[in-house]
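Q: model the structure of this input:
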Amino acid sequence: MIEHGYTVSGMSCGHCAQSVTEEISALPGVAEVDVDVPARRVFVRAETALAEGDVRAAVEEAGYTFEGALR
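A: Presented below is the predicted three-dimensional model:
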């Protein structure tokens with residue numbers, strides 16, 4: 001498994017976390033999504049590397065702002 005971390009802004013509640021989780025979980029190879037709303041962080045475990053553009057599109061589809069990968 002490959003672990004990815006991202007910063008996402010605009011989330012404020014459990015519903016926000018659920019929306020982001022659903023959209024990212026739909027990406028091919030994603031096994032697990034963990035959203036930390038107060039820290040504005042999203043952690044993803046996937047079978048393969050994820051394209052940042054795909055994660056950005058999923059976050060934006062959920063209605064939030066993708067700020068980038070954690071370094």
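Q: any idea what the residue nearest the centre of the chain is bridged to?
A: Residue closest to the average C-alpha location in the chain (CA atoms, centre = their mean): residue 42, at 4.7 Å. Counting by DSSP bridges, residue 42 forms beta bridges with residue 6, residue 35.
Q: that one contacts residue 33, correct?
A: Yes: here residue 42 reaches residue 33: they are 6.7 Å apart, a contact under CB atoms under 8 Å. Yep, even glycine has a C-beta here, placed from its N, CA and C like the rest.
Q: overlap in contacts of those two?
A: Common neighbours of residue 42 and residue 33, using CB atoms under 8 Å, 6 or more residues apart in numbering, are 20, 24.
Q: how many residues are close by the closest residue to residue 48 other than its chain neighbours?
A: The spatial neighbour of residue 48 that comes closest, neighbours along the chain excluded (CB to CB, 6 or more residues apart in numbering), is residue 29 at 4.5 Å. Residue 29 has 13 neighbouring residues, counting by other CB atoms under 10 Å.
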